[in-house]
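# Can you look at this prediction? I've put the sequence above it.
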Amino acid sequence: MELVSIIMPVYNERATLQVCVERVLGVDLGVERELIIVDDGSTDGSADVLHKLASVHAEIRPGFFKRNRGKGAAVKAALEVAKGTVAVVQDADLEYDPRDLPRILRPILEGRAEAVYGSRLAGGGEHRVLYYRHALGNRLITFVSNVLTDLNLTDVETGYKAFRLDLVKGLHIRSRGFTFEIEITAKLAALGARVYEVPVSYHGRNYQEGKKISWLDGIWAFLAAVRFRLFPGLGRGRLEARARVDVRLLPRFNRWLARKLLRWTGDRVVEYAPDVGTVTAHLARKERVVCVEPNADKAAFVKQRFGHRPNIRVLTGEFLEGRIFQALRAEDVDTVLCVNAIACIKDDEGLIREFGGVLEPGGKLVLFVPRGKWLYSPIDRARGYLRRYSRRYLYDKLVRAGFEVDRMRSFNRIGVVTWFVWGKLFRMRRAGGVLLGLYDRLTFLWRMLDWVLPLPGLSMIVVARKR
């Protein structure tokens, strides 16, 4: 059962807080929920109302700031303690109707989206007629944000945003105020997240009723759009989430890798340990793809990303567990694909034998492995690699496991230089987001150099057939 974390930042909302909470808790989401309410240093007694509500409703998890820090700081604090799989921001001022929550969450819960924006301007929802200049400013900010992020949103400043928590918990949120809306959009765009928009109702307030945003916030929003486009600042969150962030920082590089691998895969593929589905996304056009992921959290993430596709199936467990082995044999697969995972397994040769167990004679095994024992560094350890491979070492293992090796090709020759500098010389555990982003943008150059550089590849693509 999914758990939804509803995040409610509060600043001087005593008049509406209790009604808003009751409406949020009264909406049927079809899933379990927790309501994390952060009082952002209110001076009107909102904290007292929150104490009272938390004593009555077990779903409420309260938090309190001694002084006002801003909406972004309140949302960030709530994200750090959220336990759900999905988070949605619900303002406490009743400008956004809690009855729209199921509509906001549906694309994520159905596996079609990783983030959803509730748009006041998309049509389909009633809204109060208020300030024209505010609406014009919002459209201008949305236009600038769209140009910089290449998203086609209609309302970037909406306060109704929902996300997969495993995606945003790996991010370093810097904004303390309303520029949070711009920052999170820039980061989601940089990660290549699947973003949806749905229309929502909007019951705006005027300044006499407590509206807080001003023209100065609009200027900060413009500056933030430029700042977070140039310096998105990704991946300083939890260690287990950083690798996911790093992978998504390399869309061009991953596309290059996937094209290389797909040249050798058949129409019915088993992908072992897809991690966050980097290569799976490119396999989606195949007739049949079965993902076997030993890690339950990663399997759930891959299922959320691709489970809605009729040709993709995700199984959780070890490769030759009885039920998984039977399921794979029934799929009549012609290729087993494994990207880097055998480097993380102590008995890698045993795993290779297991791959052969689901293939008919002549079936293909396509491996992508780290190459060069002398390059082993803290980056490898941080990624969980137990070893790097030489051609002879891996060739012998494949032959002993019952395979004939068709080809062993180097990949990413320039990567040897960067890996040596980052890992061996500077003893880094990971490259920063700026370095990875630059490396990705130069992929076109690395592809050309891969044909001419007199260096061994950082990795190796191996194609073998079952005897």
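Arrived safely, thanks for sending.
# Outline the domain layout of the protein.
Here the domain assignment for the chain is 3-238, 249-466, based on automatic domain parsing.
# export the ones you listed to a markdown table and tack on mean neighbour count and mean pLDDT?
Every C-beta, even on glycine, is put in place using the N, C-alpha and C of the backbone. As requested, those are exported to a markdown table (neighbours: other C-beta atoms under 10 Å; pLDDT from 0 to 100):
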| stretch | mean neighbour count | mean pLDDT |
| --- | --- | --- |
| domain 3-238 | 19 | 87 |
| domain 249-466 | 18 | 92 |
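# measure the most centrally placed residue in the chain to Leu188 for me?
Nearest residue to the geometric centre of the chain (C-alpha atoms, centre = their mean): Leu167, 3.6 Å. From Leu167 over to Leu188 the distance is 8 Å, taken as C-beta to C-beta, to the nearest Å.
# can you list residues touching both of the two?
Glu114, Ala115 (C-beta atoms under 8 Å, 6 or more residues apart in numbering).
# which residues touch the helix or strand where Arg61 lies?
Here Arg61 sits within strand 60-65, counting by DSSP states H and E. Contact with strand 60-65 is made by 21, 34-41, 47, 50-51, 53-54, 73-74, 77-78, 81, as judged by C-beta under 8 Å, 6+ apart.
# Check which helices and strands the helix or strand following it is in contact with.
Going down the chain from strand 60-65, the next helix or strand is helix 71-81, by DSSP H and E. For helix 71-81, the elements it packs on are strand 3-10, strand 32-40, strand 60-65, strand 86-89, helix 180-191, judged by 3 or more C-beta pairs under 8 Å, 6 or more residues apart in numbering; DSSP states H and E.
# returning to what we had before: can you pull the contacts of the closest residue to the residue nearest to the centre of the chain other than its chain neighbours?
Spatial nearest neighbour of Leu167, chain neighbours left out: Glu114 (5.6 Å); criterion: C-beta to C-beta, 6 or more residues apart in numbering. By C-beta under 8 Å, 6+ apart, the contact list for Glu114 reads Ile108, Phe163, Arg164, Leu167, Leu188, Ala193, Arg194, Val195, Arg305.
# Kindly indicate which of those lies nearest Ile379.
Comparing the contacts of Glu114 against Ile379 with C-beta to C-beta places Leu167 closest, at 22.9 Å.
# Any chance you could give me the helix or strand containing the closest one in CSV, C-alpha atoms only?
Using DSSP H and E, Leu167 sits in helix 165-168. C-alpha atoms of helix 165-168 as CSV (Å, rounded to 0.1, in the frame of the first residue of the first chain):
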residue,chain,number,x,y,z
LEU,A,165,9.9,11.1,-2.7
ASP,A,166,12.7,8.8,-3.8
LEU,A,167,13.4,11.3,-6.5
VAL,A,168,13.4,14.5,-4.5
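# which residues are contacting that helix?
Counting by C-beta under 8 Å, 6+ apart, 5, 79, 82, 84-87, 114-115, 184, 187-188, 191, 193, 241, 244, 297, 301 sit against helix 165-168.
# Go again with 7 Å.
Ser5, Leu79, Ala82, Gly84, Thr85, Val86, Ala87, Glu114, Leu191, Ala193, Ala241, Phe301 (C-beta atoms under 7 Å, 6 or more residues apart in numbering).
# Over to stretch 318-330?
Applying C-beta under 7 Å, 6+ apart, the contact partners of stretch 318-330 are Val270, Tyr272, Val290, Val292, Pro294, Leu315, Gly317, Leu351, Glu354, Gly357, Val358.
# Disregarding flanking residues, what is the spatial nearest neighbour of the second one?
Spatial nearest neighbour of Tyr272, chain neighbours left out: Cys338 (4.5 Å); criterion: C-beta to C-beta, 6+ apart.
# did I read that right, the one you found in a strand?
Yes - under DSSP: H, G, I helix; E, B strand; the rest coil, Cys338 falls within a strand.
# Report the separation between it and Val144.
Distance from Cys338 to Val144, counting by C-beta to C-beta: 44 Å.
# Many thanks, I have nothing further to ask.
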